[in-house]
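Asks: okay, sequence plus prediction incoming.
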Amino acid sequence: MSDYALLGNPNTGKTSLFNMLTRSYETVGNWSGVTVEKRIGTLRGKAGRIVDLPGLYSLLPLTEDEGVAARFLMEEADGPILNIVDASQLERNLYLTMQLLEYGKPVMIGLNMVDVARARGIDVDAQALRRELGVPVVPIVARKGTGCSEVLRGLGELGRAPASFRLDYGPALEAAAADIAGMVGAAAAAGATSKADPRWTALQLLEGNPAVRSALPQTADLAAIDERIRRAAPELERETGGADSAAHIRQVRRQRIAEICGAVVDRSAQHDHTATERIDSIVTHRLLGIPLFLALMYLIFKLTFDWLGSVLSDVLDGFISGPLSQWISYALTSLGAAPFTQALVVDGIVGGVGGVLVFLPQIFILFLLISFIEDSGYMSRITLLMDRTMEAVGLSGKAFIPFIIGFGCNVPAIMAARTMEQRKDRLLTTLLVPLMSCSARLPVYALFAGVFFVSNRASVVMGLYVLGMVLALALAKLFSRTLLKSEPSVFVVELPPYRMPQLLSLLRMTWEKVKGFLRKAGTIILAGSVVIWFLSNTGPGGFGVDMNDSFLAYIGGALSTLLIPLGFGTWQAGAALITGFMAKEIVVSTMNIIYQAPDMAGLEHQVALAFTPLQAFSFVVFILLYIPCLATVGVIRKETSSWRWTFFSMGYSLALAYLVSLLLYQGGHLLGFV
């Protein structure tokens, strides 16, 4: 069984093609930065495995995720390569293709987005491109599946013969490359393992590729290689008129790319102004862009929390608290279950998990609408619009991508920070992403907004999202001037064409996000609900104690004194905050069990008695800002490789939550709010 490597520029449809070829599903977005690590799938018909690697413009990595591809080629790749290119941006995409053709393995080109190119009046002759490159070229439209069967068949026929493509870089550089290739080959002959062709490795070293250098076999004589590169410099300067080896290699490749595009691309029918450009003139307008985005987000929140989502949540709540609970109670009684078991299942599990699941319609609608924005191509424009703001606070505009992903879940958002070029930007983004309102906080927002801010639910929830973003930007400015001083950030963003998302793809994207919520409901929230129920019914006096004398009351009471200045100094609130560290949704599960609410209306009534509007808002803001959940803490430790930064992220967020809630509650109290 052969293993195939799938490589291409960002936003060329790699992951869409991967899904079509494997009948699996990975996250797809009409914007760059979706794939941040390699993914492996089995080809349809079990004809082999394919590895989807992060998008990159060149094998010379600028970011950590791009380095994944270069290291894979050095250490793991042992089969043919499938290179996907964007037909509408062929000249830019072919630079990576040049490097892959020199790699020394069989290559197939997937010429994707031929429909987009055609719509722009660009015609790419696939057969002519095949003759120029000397490798198979298959026109495809990956998101629709067009041409994917031909790609599968072509991969099966590709064989093991390497591509015959070769560029001549001139006598001086070719001589240096031959000498370095000999040194690399000698290291391989000494028993070291390397999957790459020695000449390709030599060219990458001459180009200054740090990922390739770090992946060289330990037996390679780095001092001798560096000396040969140094000796080649004056010879190359005389030959090229002053260019160094990296610049000369790029020049030769770009010259050949221009020749190829001249032979295979027909732009005679290209439109002067595309629909994308006309839309961009409005949505990326310097003055109108941000207000339009905020208006769109407000519309999304109105649909989610006022017009549609709340109605569906009420229907689901009626089913869970009514027929479902009754059926389960009847079944347990019929089976002769003990009262203890019935109470555990109905009050603990159904009450705890069901109290979170009732918000599933709102989460689904929000994810569906955000997925629509992502797949349409609009998200990249928002990143561009935010660049000036992000740069002003010491971040790259690319940091806005993880921030937006964080609205779904903070864990993949922190991983998406790998796409950023500078370590300072990656670390700063990792520290600030937990301030984004992830889907786990939505049940808390929906519960309290539905009780205390009925007529302004959308505005309040949107305000919480904006508050998290504003505080993140303020802290970015503070941290970039104190803890993480560095040079100005680098910003490169891909602006894909607009397109109407396909319904099936949209539903798949939404389902993948909702599935994570359901998985937590069936694991962490379920387990947490059982533990909370036991703690609320057990105390020093044994099982069946009054809840105010339970272990849960003692645990929550340990925090209550500290929470009094914030307006919610009760053991119930303290217990909910502690259990919320496992997953923020468990805050609602805890309250459902503590207040023994039979349904959502009952819980809302109990919450209305326990909080005033000002106290409720202070509590929800604290939930927004305080310590990230356990899974997020784990990924911060993994991405930063530092317990110091991990504990710092937990400490600063807790201090921030306390300070902001204190100012809100005490300030509101002084102004006469209740």
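Replies: Noted; the coordinates are in hand. Numbers count the residues shown, from 1 in each chain.

Asks: so which residues of the stretch 1-150 of the chain form helices?
Replies: Ranges of helices within the stretch 1-150 of the chain are 14-22, 64-75, 90-101, 114-119, 126-133, 148-157, based on DSSP state H, counting those that start in this stretch.

Asks: confidence-wise, which of the ones you listed is weakest overall?
Replies: Least confidently modelled of these is helix 64-75, at a mean of 74 by mean pLDDT.

Asks: list the buried residues in that one.
Replies: Residues of helix 64-75 classed as buried: 64-74 (neighbour count, 16 or more other C-beta atoms under 10 Å). The way it works is simple: take the backbone N, C-alpha and C, and place the C-beta from them, glycine included.

Asks: what does stretch 45-61 give?
Replies: Buried, per 16+ other C-beta under 10 Å, within stretch 45-61: 47-48, 50-61.

Asks: equivalent analysis for stretch 411-429, please.
Replies: Of the residues in stretch 411-429, those buried (16+ other C-beta under 10 Å) are 411-422, 424-429.

Asks: CA atoms only for that stretch, dumped as PDB, please.
Replies: Coordinates of each C-alpha in stretch 411-429 appear next as PDB, following Å, rounded to 0.1, in the frame of the first residue of the first chain:
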ATOM      1  CA  VAL A 411      -8.400  24.300  21.700                       C
ATOM      2  CA  PRO A 412      -8.100  24.400  17.900                       C
ATOM      3  CA  ALA A 413      -7.900  28.200  18.000                       C
ATOM      4  CA  ILE A 414      -4.600  27.900  20.100                       C
ATOM      5  CA  MET A 415      -3.300  25.300  17.700                       C
ATOM      6  CA  ALA A 416      -4.100  27.600  14.700                       C
ATOM      7  CA  ALA A 417      -1.600  30.100  16.200                       C
ATOM      8  CA  ARG A 418       1.100  27.900  14.600                       C
ATOM      9  CA  THR A 419       0.300  29.600  11.300                       C
ATOM     10  CA  MET A 420       1.900  32.800  12.600                       C
ATOM     11  CA  GLU A 421       5.400  33.600  11.500                       C
ATOM     12  CA  GLN A 422       7.000  35.000  14.700                       C
ATOM     13  CA  ARG A 423       7.200  33.300  18.100                       C
ATOM     14  CA  LYS A 424       6.100  36.400  19.900                       C
ATOM     15  CA  ASP A 425       2.900  36.500  17.900                       C
ATOM     16  CA  ARG A 426       2.300  32.800  18.500                       C
ATOM     17  CA  LEU A 427       2.800  33.100  22.200                       C
ATOM     18  CA  LEU A 428       0.800  36.300  22.600                       C
ATOM     19  CA  THR A 429      -2.100  34.800  20.600                       C
END
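
Asks: tell me the one of the buried residues of helix 64-75 nearest residue 437?
Replies: residue 65 (25.2 Å; C-beta to C-beta).

Asks: not counting sequence-adjacent ones, nearest residue to residue 251?
Replies: residue 243 (6.7 Å; C-beta to C-beta, 6 or more residues apart in numbering).

Asks: how about the secondary structure of that neighbour?
Replies: coil (DSSP: H, G, I helix; E, B strand; the rest coil).

Asks: from what I can see it touches residue 235, true?
Replies: No. Taking contacts as C-beta atoms under 8 Å, residue 243 lies outside contact range of residue 235: 11.7 Å.

Asks: what would the buried residues of helix 64-75 look like in JSON lines with distance to residue 582?
Replies: Output for the buried residues of helix 64-75, formatted as JSON lines (distance: C-beta to C-beta, whole Å):
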{"residue": "64", "distance to residue 582": "29"}
{"residue": "65", "distance to residue 582": "29"}
{"residue": "66", "distance to residue 582": "35"}
{"residue": "67", "distance to residue 582": "34"}
{"residue": "68", "distance to residue 582": "31"}
{"residue": "69", "distance to residue 582": "36"}
{"residue": "70", "distance to residue 582": "38"}
{"residue": "71", "distance to residue 582": "35"}
{"residue": "72", "distance to residue 582": "35"}
{"residue": "73", "distance to residue 582": "40"}
{"residue": "74", "distance to residue 582": "40"}
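
Asks: closest to residue 373 out of the residues you listed?
Replies: Using C-beta to C-beta, these come closest to residue 373 at residue 65, 22.8 Å.

Asks: quick one: mean pLDDT over stretch 256-271.
Replies: For stretch 256-271, the per-residue pLDDT averages 88.

Asks: for that stretch, buried residues please.
Replies: Those buried within stretch 256-271 under the rule 16+ other C-beta under 10 Å are 256-257, 260-261, 264-265.

Asks: coming back round to it: can you tell me which of the buried residues of stretch 411-429 are in helices?
Replies: 411-416, 424-429 (DSSP state H).

Asks: list the contacts for the nearest residue to residue 12 once chain neighbours are set aside?
Replies: Excluding the flanking residues, the one nearest residue 12 by C-beta to C-beta, 6+ apart is residue 86, at 4.5 Å. Residue 86 makes contact with 8-9, 11-13, 92-93, 112-113, 116-117, according to C-beta atoms under 8 Å, 6 or more residues apart in numbering.

Asks: let's see that with 6 Å instead.
Replies: Residues in contact with residue 86 (C-beta atoms under 6 Å, 6 or more residues apart in numbering) are 12, 93, 113.

Asks: re earlier: now, among the buried residues of helix 64-75, which is nearest to residue 347?
Replies: residue 65 (46.4 Å).

Asks: still on that earlier bit, among the buried residues of stretch 45-61, which are in strands?
Replies: In strands, judged by DSSP state E, the following of those are found: 48, 50-52.

Asks: pLDDT check: weakest of those?
Replies: Minimum pLDDT across those falls on residue 48, with 81.

Asks: farthest-separated two in the buried residues of stretch 45-61?
Replies: 47 and 60 (32.2 Å).

Asks: end to end on stretch 391-411, go ahead and measure it.
Replies: Stretch 391-411 stretches 24 Å from its first residue to its last (C-alpha to C-alpha, to the nearest Å).

Asks: got the contact list for that stretch?
Replies: 33, 383, 386-387, 390, 412-413, 416-417, 420, 425, 429, 433-434, 436, 438-439, 473, 476-477, 480, 489, 491, 513, 631-632, 635.

Asks: for stretch 4-22, list every residue counted as buried.
Replies: Per 16+ other C-beta under 10 Å, stretch 4-22 contains these buried residues: 4-22.

Asks: off-centre distance for it?
Replies: 17 Å (C-alpha atoms, centre = their mean, to the nearest Å).

Asks: same deal with stretch 575-594?
Replies: 26 Å.

Asks: domain parsing for this structure?
Replies: 2-157, 171-242, 292-490+501-670 (automatic domain parsing).

Asks: nearest to residue 277, of those?
Replies: Using C-beta to C-beta, the nearest of the domains of the chain to residue 277 is domain 2-157, at 10.1 Å.

Asks: could I have whichever strand or helix holds residue 200 exported to CSV, CA atoms only?
Replies: Using DSSP states H and E, residue 200 sits within helix 198-206. Extracted in CSV, the C-alpha atoms of helix 198-206 (Å, rounded to 0.1, in the frame of the first residue of the first chain):
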residue,chain,number,x,y,z
PRO,A,198,20.5,14.5,-2.2
ARG,A,199,20.4,17.1,-4.9
TRP,A,200,17.1,18.5,-3.6
THR,A,201,18.5,18.6,-0.1
ALA,A,202,21.6,20.4,-1.4
LEU,A,203,19.4,23.0,-3.1
GLN,A,204,17.3,23.5,0.0
LEU,A,205,20.5,24.0,2.0
LEU,A,206,21.8,26.6,-0.5
